[in-house]
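*Asks:* quick one, fold the following:
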Amino acid sequence: MIGHGEKLTLNQEKAISALLSCPSVPEAAKSIRIGEATIFRWLKNEDFQENYRKAKRDVVDQAISQVQASISSAVKTLKDVMDDKDAPASAKVSAARAIIDTAIKAVEIQALEDRITKLEKILTEKRGGEE
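*Replies:* Model (predicted):
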């Protein structure tokens, strides 16, 4: 069992990876040969939860980066469709629009995260100055 601020064990790190790649706790437990009860117990641990949340954020950040990297291609697809007078290409336009919309939303979310982080820092500094 880990205490507050301690590093995770190798099995706990494997459990986090399994939780990210498997659709359920039972399947995650089976994939790494650890009991379900053990994973459920770890999920109640603050440090484990924090590391699991960070790992999930990292996965989402990577996905957002991939979407953002596709924006140029999406814009090119839109331009190609706009320039092609004979092709209806509604499916391509829908896909391109989805990529652009997702990339824009990702930027908005990142901007909100940055603002929240700055506000939390200000709040922490203010609390520290009052104590």
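*Asks:* for residue 10, the count of nearby residues, please.
*Replies:* For residue 10, the neighbour count with other CB atoms under 10 Å is 8. Heads up, the C-betas are built off the backbone N, CA and C, glycines and all.
*Asks:* no wait, residue 110
*Replies:* Neighbours of residue 110 (other CB under 10 Å): 13.
*Asks:* where does the protein have low pLDDT?
*Replies:* The model of the chain has pLDDT under 70 over residues 1-6, 89, 129-131.
*Asks:* distance of the residue of the chain most remote from its centre relative to residue 80?
*Replies:* Going by CA atoms, centre = their mean, the residue of the chain most distant from its centre is residue 86, 39.9 Å out. Counting by CB to CB, to the nearest Å, the separation of residue 86 from residue 80 is 12 Å.
*Asks:* excluding chain neighbours, what is closest to residue 93?
*Replies:* In space, and not counting its chain neighbours, residue 93 is closest to residue 81: 5.3 Å by CB to CB, 6 or more residues apart in numbering.
*Asks:* how about the one you found, what does it touch?
*Replies:* Residues in contact with residue 81 (CB atoms under 8 Å, 6 or more residues apart in numbering) are 87, 89, 92-93, 96.
*Asks:* per-domain residue ranges of the chain.
*Replies:* 9-56, 70-131 (automatic domain parsing).
*Asks:* which one of the ones you listed is the most hemmed in?
*Replies:* Across these, averaging neighbours per residue (mean count of other CB atoms under 10 Å) puts domain 9-56 on top, at a mean of 15.
*Asks:* that one: how far from the chain's middle?
*Replies:* Put simply, domain 9-56 sits 16 Å off its chain's centre (CA atoms, centre = their mean, to the nearest Å).
*Asks:* quick one: end-to-end length of it, please.
*Replies:* 18 Å (CA to CA, to the nearest Å).
*Asks:* for the residue farthest from the centre of the chain, phi and psi?
*Replies:* Per-residue torsions, residue 86: phi -90, psi -20 (degrees, to the nearest 10).
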